[in-house]
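K.L.:
build the 3D model from these lines:
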Amino acid sequence: MTVKKIAPVLLVDEVESCVKFWKERLGFEVAIEVPDGNKIAFVSLQKAGVELMYQSYASVEKDSSFSAQSYAKGPSFLYIEVDSLDDVIAATKGSTVVMPERKTFYGAREIGVKDPAGHVLTFAQFGA
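P.N.:
Below is the predicted model of the structure:
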């Protein structure tokens, strides 16, 4: 067996604000968008071989036999390695900072921010 890719799917109340965040601030493009009336049910965002997905709780409820709300216990946490933390800091200015910029013992410079849905994104630059 060969694993070719792992892409997180983050469940949210509203997909639209997350799409705007990743497109406008971080330069991602929409690869797949599934509408649900005048809302977005699901989206796949991509940039340079990296993929991230968001799906609304409402669309999970429609597609699945399980209750999506039972999975709404807290935010997800993503650890994202970047080549320039300064660019990330500029791009995410105004976002809620949950972990101020720091230098770690393992050689990373990091900052943690929330996306519009409340998921925690830790950006890290190594060798900085």
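K.L.:
below-threshold pLDDT in this structure: ranges please.
P.N.:
For the chain, the stretches with pLDDT under 70 are 64-70, 72-73, 128.
K.L.:
now with 80, please.
P.N.:
2-3, 63-74, 128 (pLDDT under 80).
K.L.:
quick one: the strands in it, in order.
P.N.:
Ranges of strands in the chain, per DSSP state E, are 9-12, 29-36, 39-47, 50-56, 77-81, 97-103, 108-114, 120-126.
K.L.:
could I get these as TSV with distance to residue 62 and mean neighbour count?
P.N.:
Using the backbone N, CA and C atoms, a C-beta is placed for each residue, glycine as well. Below are the strands of the chain laid out as TSV (distance: least, Cβ to Cβ, whole Å; neighbours: other Cβ atoms under 10 Å):
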stretch	distance to residue 62	mean neighbour count
strand 9-12	13	18
strand 29-36	8	12
strand 39-47	8	18
strand 50-56	9	20
strand 77-81	26	13
strand 97-103	31	12
strand 108-114	27	20
strand 120-126	27	19
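K.L.:
residue 2: which of these is closest?
P.N.:
Smallest distance to residue 2 across the strands of the chain (Cβ to Cβ): 17.3 Å, for strand 50-56.
K.L.:
quick one, the closest one and strand 77-81 angle?
P.N.:
Here strand 50-56 runs at an angle of 160 degrees relative to strand 77-81 (axes from the mean of the first three to the mean of the last three Cα atoms, to 10 degrees).
K.L.:
that's all I had, so thanks and see you.
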